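Asker: Kindly return the folded structure for what I paste below:
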Amino acid sequence: MTKQDIDIIRGCKKNERSSQKQLLDKYAGYLMAVVRRYCNDNVVAQDILQEAWIQIFRSIDRYEEKGLLKGWMAKIAISMCYKQHRKNTRIDLPDHLPESIDGSPDALDQLQYDDLMKIVNTIDRPRRDVFVMNIIDGLNHKEISKVLGIQESTSRAHLSNARKELRKLLTASTLIL
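Answerer: The predicted structure follows:
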């Protein structure tokens, strides 16, 4: 973690508006990209992101300055996506690449990601969700189990089944090409 991040976090813990604005400016794009992985509707994604920021600022005192700050914030945003999902609002993975962390991807990366996400989107929930949370967002099974309200062993089984299904789908799509 950078000294700048530490200073921003400490300012946020003191409820300093300038530090909160710096945190928001620095990570808003990243968190929107995370939320868009779980939500196709831009309006709903913005609402979820707003709720995530509120939760981040409310719980910043619990952040222990260990590990990646953006990972901690991403977990909160993902939890908000699933909170919205539990309210029976449809949240689906987008077919296009959301804004990346470091800027725009090159065209080849975009094409490969888009093709892969079309295949991933054919997997049924919750296997697809576990796959995305683990492989794309980097959450471990304990974290996934909390977000989805399932056992860790169930999360592992869903990931294994999603990988098997993806292998079949990728093999089939390769044969078609």
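
Asker: Now do the helices in this structure.
Answerer: 3-13, 17-36, 42-59, 69-86, 107-120, 127-131, 141-148, 152-176 (DSSP state H).

Asker: weakest of those helices by average pLDDT?
Answerer: Mean pLDDT is lowest for helix 107-120 among those, at a mean of 63.

Asker: before we move on, back to that, now, of the helices of the chain, which is deepest in the fold?
Answerer: helix 127-131 (a mean of 23; mean count of other CB atoms under 10 Å). To be clear about C-beta, it is placed using only N, CA and C from the backbone, and glycine gets the same treatment.

Asker: got a list of contacts for that one?
Answerer: For helix 127-131, the surrounding residues in contact (CB atoms under 8 Å, 6 or more residues apart in numbering) are 38, 93, 120-121, 123, 144, 148, 155, 158-159, 161-163, 165-166.

Asker: one more time with 6 Å
Answerer: 144, 155, 158, 159, 161, 162 (CB atoms under 6 Å, 6 or more residues apart in numbering).

Asker: ok, now stretch 48-63?
Answerer: 12, 13, 31, 32, 35, 72, 73, 76, 77, 80, 81, 84.

Asker: Nearest the middle, which residue of the protein would you pick?
Answerer: Centroid-nearest residue in the chain: residue 34, 3.6 Å away (criterion: CA atoms, centre = their mean).
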